[in-house]
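Student: Structure, please.
(chains A and B)
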Amino acid sequence: AQSVTQLDSQVPVFEEAPVELRCNYSSSVSVYLFWYVQYPNQGLQLLLKYLSGSTLVESINGFEAEFNKSQTSFHLRKPSVHISDTAEYFCAVTSDSNYQLIWGAGTKLIIKP
Amino acid sequence: DGGITQSPKYLFRKEGQNVTLSCEQNLNHDAMYWYRQDPGQGLRLIYYSQIVNDFQKGDIAEGYSVSREKKESFPLTVTSAQKNPTAFYLCASSLTGRNEQFFGPGTRLTVL
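Tutor: Numbering: from 1, shown residues only, chains lettered A, B, ... in the order given. Presented below is the predicted three-dimensional model:
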């Protein structure tokens, strides 16, 4: 069965510093990978996705993630965070053999001024 | 505007009462989902539906029921059999089961 591991439940980082949120998945088949962001008391919003093609995908607000098949990872990065990036971030995976998204437990990004 | 609406945003109920949470989408999506979110536990799938008049149990379906009579609507009933119903409930939809999911704003249910 597929699974998704987000290794850090919380990541504190200073404003304007770089950040990496880690996501690893277990699957032996072709996968589709997603990062979602959830601001307090709101629903989830799609941040970026990998379906095929270039292994580096970018969002409109400066985040990027790289699909690494050999390491089964899809880490999320941003070179310089802003206070408005404070949120919880969820990694999810699905595949051609699965009709559901498998979710990680989430990582809270805490921006320190 | 296309999107998913959930109502109400906050809901309070007495213990032992059934309560129905609304979820409507105008995205013309075939698949719809209900998740429960508790602090520190991420998202847990309650029920999902890939087509009208058909739905499947997710990981934590006990104490919940759903219906899918229309493509646009997927209401969730939290029954009195649900032992710990206080949580944040999220509805989502997708074009098919393999596509990204779009989420509603959520309903926070508190059972007193």
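Student: could you check whether stretch B:37-53 is close to chain A?
Tutor: Yes: part of stretch B:37-53 sits near chain A under the criterion C-beta under 8 Å from any C-beta of the partner chain, namely B:40-43, B:45, B:48, B:50. Quick note: C-beta positions are derived from backbone N, CA and C, even for glycine.
Student: which ones among these are found in strands?
Tutor: B:43, B:45, B:48, B:50 (DSSP state E).
Student: of the residues you listed, buried ones?
Tutor: B:43, B:45, B:48, B:50 (16 or more other C-beta atoms under 10 Å in any protein chain shown).
Student: Ramachandran angles for A:Asp85?
Tutor: Torsion angles at A:Asp85 (phi, psi; degrees, to the nearest 10) stand at phi -80, psi 0.
Student: Make JSON lines from the buried ones among the ones in strands among the residues of stretch B:37-53 next to chain A and add pLDDT to it.
Tutor: Formatted as JSON lines, those follow (pLDDT from 0 to 100):
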{"residue": "B:Leu43", "pLDDT": "91"}
{"residue": "B:Leu45", "pLDDT": "94"}
{"residue": "B:Tyr48", "pLDDT": "94"}
{"residue": "B:Gln50", "pLDDT": "91"}
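Student: Show me which of those is closest to B:Leu27.
Tutor: Closest approach to B:Leu27 among these (C-beta to C-beta): B:Gln50, at 14.8 Å.
Student: which bits of chain A sit near chain B?
Tutor: Counting by C-beta under 8 Å from any C-beta, chain A sits next to chain B at A:9, A:32, A:34, A:36, A:41-46, A:49, A:90, A:94-96, A:98-101, A:103-106.
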